[in-house]
Every structure is written in structure tokens, then in C-alpha cells.
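Engineer: dropping the sequence and predicted coords here.
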Amino acid sequence: MSGDKLLGDFLKARRGRIQAHEAGLTSYGRRRVPGLRRDELARLAGVSEHYLIRLEQGTDHNPSAQVLQALATALRLDRDETAHLYALAAPPPSAARHDGVSDDVQQLLDSWSTTPAYVRNRRFDVLAANKLAMALSPLYTPGQNLVRGMFHDPGVRLLFPDWAEIAAQTTAALRAEADPRDPATADLITSMLTDNDFRDLWADHDVRPTRNEMKRFHHPSVGALTLRRQTLSNVAADDQVIITYQSAPSSPDADALAKLL
């Protein structure tokens, strides 16, 4: 995976999604490829086609904020997609990362005795978890990678009744939160591209960070649960997040969680 072409690949994928009439352009005859042609995007964004070629080929690495915003507007990118565009154009982040958690964070996880909770990094490696999270699924065991588990573990497909939707969300969140220029992240993505499901989803270039939302489980021991996922920042390590799953008080979901311990 070439870091030089990440921005260009994203631009090409996105212009392939915008039809000429959606951009206010007149289309004549049959098009050889879907979406906007390169010259059309260049005209909409107010840049030269030659410059856009350099961006897409990865030979220009320093587009201005004005150019990026013009491209985002022309491509009708939403807030998350625009943030991703800017991130791809920015210098690679520092190589420093936190692959462990402090004792204080582990104690916090353990104190949530009725709430499954774990810590992951932007590469979706699980770094720490409490007992209830690991009882909810082995996927949340420290040392596991959530992306690999999502696609390679048959038990995970059974755990999530909405597996196809969650797999798509996981892939979009990896693209939004991880930096493919990080060697370990690049290795993860390259290895995952051998999986047909992941490869198809990755090719969509969808961008969506992890959100707070309801998630359905079907646990092999306690049956159906619906839990609210919450994403919390770990202020001690900005490349980590804390994920919790909460049940409604005095609900069947809370009773089911209690049976896991």
C-alpha cells in the first residue's frame, strides 16, 4: 500500500460517486466510467486538470486548505469525509503510540462491574478490558484485533445479528480513525485485503468514525441483548478510546449481562 497514493485513491473513488447532473453539469452521450471526469472535477474545484492529475497520482503532496475545501465542496463530502480528506493531505503523525494502558485506566474498567468496557487504539487492537467485556465476547480480549475478528472469526458473525451492517461500520471507522501510513496499520490492511468481504467494503472508501449507538448481540449463553455503545476519549493517550456497552436499568438486557459473571 503506497502512502503517496492514498489521497489520490480517495479523490478518484469519490468523484466516481458524483453524477454530472448532480453537480449541475450537462452530460452528453454515454460515459466510459461512472461519475465525474477528471476535467469536470477540476473545473468545479477551480484547479487545473494537470494539478488534479498530480494529486491523484500522488506526485503532489501539499494541497492548500483552500484547494482541499474546494475539492470537498465539489465532491459533496460530509463532515467526516472532509476531515478524512484533510488528514490524508497532512504530514504523517508522530510514530509515537501507546500500546498499553495505565493502571488507573485498568482500575476504571474494572470498577464498571455491570458495564462491559475495553480500550482500543486507532488500529482497533484491544489493549485492555474488564471481565464483563471478555464474557460478552472473546473479541474484546486484550491482544485481539477487532477488524480481524470481525471478518475472520465465525463466532463473531453469530454474535451480531446485524453482522453485515456492523462489518461495514467497522471498515468505515478504520478508514476514518487509523492512519494507513503507519506501518503496522498498513500491514493490517494489506493482510485484510485477502478477505473478500473486507476488500469490497474497503474499496467503497466509506468514512465514518465510531459513534454512540444501539447494538444488538446474540450471546450463545444468555441470548439476545441490546446495548448502547458509548465511545470515550482516553485523555492520557490520544490514540486510544474507551468503549462501553450499557444496558437500560432493570431491563432484561441488564439481567442477561448479570448472568455472564
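Structural biologist: Nice, I can see it.

Engineer: from here on, contacts and neighbour counts on C-alpha atoms
Structural biologist: Fine.

Engineer: quick check: longest helix in the protein by residues?
Structural biologist: For the chain, the longest helix by residue count, based on DSSP state H, is helix 163-177.

Engineer: hmm, who's touching that helix?
Structural biologist: With contacts defined as Cα atoms under 8 Å, 6 or more residues apart in numbering, helix 163-177 is touched by 80-81, 84, 122-124, 147, 150-151, 157, 160, 198, 201-202, 205-210.

Engineer: A72 - how many residues pack around it?
Structural biologist: A72 has 21 neighbours, counted by other Cα atoms under 10 Å.

Engineer: mind listing what it touches?
Structural biologist: 82, 85.

Engineer: and the helix or strand where I53 lies, what does it pack onto?
Structural biologist: Assigned by DSSP states H and E, I53 falls within helix 49-57. On a contact count with 3 or more Cα pairs under 8 Å, 6 or more residues apart in numbering; DSSP states H and E, helix 49-57 meets helix 6-15, helix 38-45.

Engineer: chain center to the shortest one: distance?
Structural biologist: Computed by Cα atoms, centre = their mean, to the nearest Å, the separation of helix 38-45 from the middle of its chain amounts to 28 Å.

Engineer: for the first one, same thing?
Structural biologist: Here helix 6-15 shows a centroid-to-chain-centroid distance of 16 Å under the convention Cα atoms, centre = their mean.

Engineer: show me what it is packed against.
Structural biologist: Where contact means 3+ Cα pairs under 8 Å, 6+ apart, helix 6-15 is packed against helix 49-57, helix 79-89.

Engineer: toward the C-terminus, what is the element adjacent to the longest one?
Structural biologist: Proceeding N to C from helix 79-89, the next assigned helix or strand is helix 103-111, under DSSP H and E.

Engineer: for that following helix, which helices and strands make contact with it?
Structural biologist: Of the remaining helices and strands, those touching helix 103-111 by 3+ Cα pairs under 8 Å, 6+ apart are strand 126-129.

Engineer: tell me the average confidence for the strand it packs on?
Structural biologist: What strand 126-129 shows for mean pLDDT is 96.

Engineer: same question for stretch 232-242.
Structural biologist: The average pLDDT within stretch 232-242 is 84.

Engineer: can you tell me what sits against that stretch?
Structural biologist: With Cα under 8 Å, 6+ apart as the contact definition, stretch 232-242 has outside contacts at 97-98, 117-122, 231, 243.

Engineer: ok, 6 Å please
Structural biologist: 118-122, 231 (Cα atoms under 6 Å, 6 or more residues apart in numbering).

Engineer: pull out the CA atoms of it and give them to me as PDB.
Structural biologist: Extracted C-alpha coordinates of stretch 232-242, given in PDB (Å, rounded to 0.1, in the frame of the first residue of the first chain):
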ATOM      1  CA  LEU A 232     -15.000   7.900  25.500                       C
ATOM      2  CA  SER A 233     -11.600   9.600  24.900                       C
ATOM      3  CA  ASN A 234      -8.600   8.500  26.900                       C
ATOM      4  CA  VAL A 235      -7.100  11.800  27.700                       C
ATOM      5  CA  ALA A 236      -3.800  10.200  28.800                       C
ATOM      6  CA  ALA A 237      -3.400   8.700  25.300                       C
ATOM      7  CA  ASP A 238      -5.000  10.500  22.300                       C
ATOM      8  CA  ASP A 239      -4.600   7.400  20.100                       C
ATOM      9  CA  GLN A 240      -6.900   5.400  22.400                       C
ATOM     10  CA  VAL A 241     -10.600   5.300  23.100                       C
ATOM     11  CA  ILE A 242     -12.600   3.600  25.800                       C
END
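
Engineer: how far does that stretch sit from its chain's centre?
Structural biologist: Relative to its parent chain, stretch 232-242 has a centroid offset of 16 Å by Cα atoms, centre = their mean.

Engineer: now the strands: where do they sit in the stretch 101-250 of the chain?
Structural biologist: 117-121, 126-129, 213-219, 223-233, 240-246 (DSSP state E, counting those that start in this stretch).

Engineer: once you drop chain neighbours, what's closest to T73?
Structural biologist: Excluding the flanking residues, the one nearest T73 by Cα to Cα, 6 or more residues apart in numbering is A45, at 7.6 Å.
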